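J.: what's the 3D shape of this:
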Amino acid sequence: MSISIAQIAAALNARAEGNPEIRVIGASEPAQAGPDQIALAMDPKYAEGLARGKARAAVLWEGADWRAMGLEAAILVARPRLAMAGLSRAFDPGPEIAPGRHPTAIIDPSASIGEGAAIGPFVVIGRGVTIGPRARIASHVTIAEEASLGADALILQGARIGHHVQIGERFICHQNAVIGADGFSFVTEETSGVEEIRQTLGAREDVRAQGWIRIHSLGNVVIGDDVEVGAGSTLDRGTVRATTIGAGTKIDNLVHVGHNVQVGRDCLLCGQVGIAGSARIGDRVVLGGQCGVSDNIFVGDDVIAGGGTKIYTNAPAGRVLLGSPAVRMETQIEAQKNIRRLPRLFAQVAELRSVVEQLLDKGAAGNPVNIRKDEE
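T.: The predicted model follows:
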């Protein structure tokens, strides 16, 4: 399928110059672009690659002299990364899910399937499930009893959606994600070592064998509109109340959201983030890769945490965090600078110690102590 430069410009809400009728079938980096591809050179540092490629048209930065680059057409954009969103959408055909219901799908008679929904091979849809209009469900997906899925959802291969999970519209779920597994909740008959350590912060009086008793998860998972969940991620159901994900939140691959967690609107949870049970995450929070959030704490609105940050205590709104334990980013950066300076500091201290020892030796021998200018 080909698309014209004019159509791409319209999709990007950008200005096209030159021949708008040139048609392309894909996008490429400038040096590798063929004549039927549009080159992506939205920063001047990528422009030199156009001479090595064969593109007739390119997406360029505002003010670029596209004629001098030997192009026949150009699309000029002010914000390159935003342009990438529209451009990638224009060329992405999406997964191949045939319309209608595949004959191998198992759908309970009580399930409600919205108009225009597409259900792929070996899908299992349980009792009382509601599937919204135009939803697309790829192969080997399981949707358990009484779950609901909003309009225009896309559920990719192997995803598992548990019983009574409620999901809004335009939801995207990538391969092998699990939404609605039981939470990790266990208790001992007497006070456990974990409970004791929480109170004493390290001291233990009596270490004894104890077994764990399972606490079942009676809550569900509730997800708002326009949420995306990455491949292999897991969202646990609540113990009694629901685990909730706010509208517009995007969750990367291999993220774990524990039981009873509340995640606000328009958050970004990057790869391998772990949020422990009953934590509350505000709106527009960004957690970089491998961030961890301790249980039962609150992370305020608009917090940004750099990769690998471990948040053990409440984080005020708007704070920028880094490190383990999490501190202000500028504090962590200064601490890291000081750590790098330690070898030089140790060498200086050793030199000063040597000078002092020499002075003490002279004094003990009854010799006058003369301090040179460079030893003061």
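J.: before we move on, which element is residue 40 in?
T.: Counting by DSSP states H and E, the element that carries residue 40 is strand 37-41.
J.: now for that strand, which elements pack on it?
T.: Applying 3 or more Cβ pairs under 8 Å, 6 or more residues apart in numbering; DSSP states H and E, one finds that strand 37-41 contacts strand 26-28, strand 57-61. C-betas here are computed from N, CA, C, even on glycine.
J.: for the first one, buried residues please.
T.: Right, strand 26-28. Neighbour-count burial for strand 26-28 flags 27-28 (criterion: 16 or more other Cβ atoms under 10 Å).
J.: same check, this time on stretch 194-210
T.: Going through stretch 194-210 with 16+ other Cβ under 10 Å, nothing comes out buried.
J.: stretch 176-194 now?
T.: Buried-residue list, stretch 176-194, by 16+ other Cβ under 10 Å: 176-183, 185.
J.: and the gap between the closest residue in space to residue 18 that isn't next to it in sequence and residue 50?
T.: Leaving aside its sequence neighbours, residue 18 sits nearest to residue 73 (Cβ to Cβ, 6 or more residues apart in numbering; 3.4 Å). Computed with Cβ to Cβ, to the nearest Å, the distance linking residue 73 and residue 50 is 13 Å.
J.: one step back: partner strands of the strand holding residue 40 and their direction?
T.: As defined by DSSP bridges, the strand partners of strand 37-41 come to strand 26-28 (parallel), strand 57-61 (parallel).
J.: just the C-alpha atoms of it, please, in CSV.
T.: The C-alpha atoms that make up strand 37-41 are tabulated as CSV, following Å, rounded to 0.1, in the frame of the first residue of the first chain:
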residue,chain,number,x,y,z
GLN,A,37,10.5,5.5,0.8
ILE,A,38,10.3,8.8,2.6
ALA,A,39,13.6,9.6,4.4
LEU,A,40,13.4,10.8,8.1
ALA,A,41,15.9,13.6,8.5
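J.: per-residue confidence at residue 376?
T.: We have a pLDDT of 46 for residue 376.
J.: 427 is where my numbering starts, stick with that
T.: Okay, residue one is now 427; in that scheme the one you just asked about reads as residue 802.
J.: where exactly do the helices run in the chain?
T.: For the chain, helices defined by DSSP state H occupy the ranges 431-438, 506-517, 619-626, 755-790.
J.: what comes into contact with the strand holding residue 466?
T.: Counting contacts by Cβ atoms under 8 Å, 6 or more residues apart in numbering, the residues outside strand 463-467 that touch it are 431, 434, 450-456, 459, 472-473, 475-476, 479, 481, 483-487, 501, 510, 513.
J.: go on, stretch 623-630?
T.: Contacts of stretch 623-630 (Cβ under 8 Å, 6+ apart): 619, 622.
J.: and stretch 754-771, which residues are buried?
T.: Result for stretch 754-771 [16+ other Cβ under 10 Å]: buried residues 755, 758.
J.: what mean pLDDT does it get?
T.: 91.
J.: over to stretch 653-660?
T.: 98.
J.: could you work out the end-to-end span of that stretch for me?
T.: 14 Å (Cα to Cα, to the nearest Å).
J.: could you do stretch 562-572 as well?
T.: Using Cα to Cα, the two ends of stretch 562-572 sit 18 Å apart.
J.: cool, and stretch 496-505?
T.: Start-to-end, stretch 496-505 (Cα to Cα) is 23 Å.
J.: could you list the buried residues of it?
T.: Neighbour-count burial for stretch 496-505, with 16+ other Cβ under 10 Å as criterion, is recorded at 497, 499-503.
J.: now that stretch, how far from the centre of its chain.
T.: From the chain centre to the centre of stretch 496-505 is a distance of 31 Å (Cα atoms, centre = their mean, to the nearest Å).
J.: do the same with stretch 485-503
T.: 33 Å.
J.: and the contacts of that stretch?
T.: So stretch 485-503 is in contact with 431, 434-435, 438, 440-446, 448, 453, 464-470, 473, 476-477, 481-484, 504, 506, 509, 513, going by Cβ under 8 Å, 6+ apart.
J.: switch the cut-off to 7 Å
T.: Outside of stretch 485-503, the residues within contact range by Cβ atoms under 7 Å, 6 or more residues apart in numbering are 431, 434-435, 438, 440-446, 448, 464, 466-470, 473, 476, 482-484, 504, 506, 509, 513.
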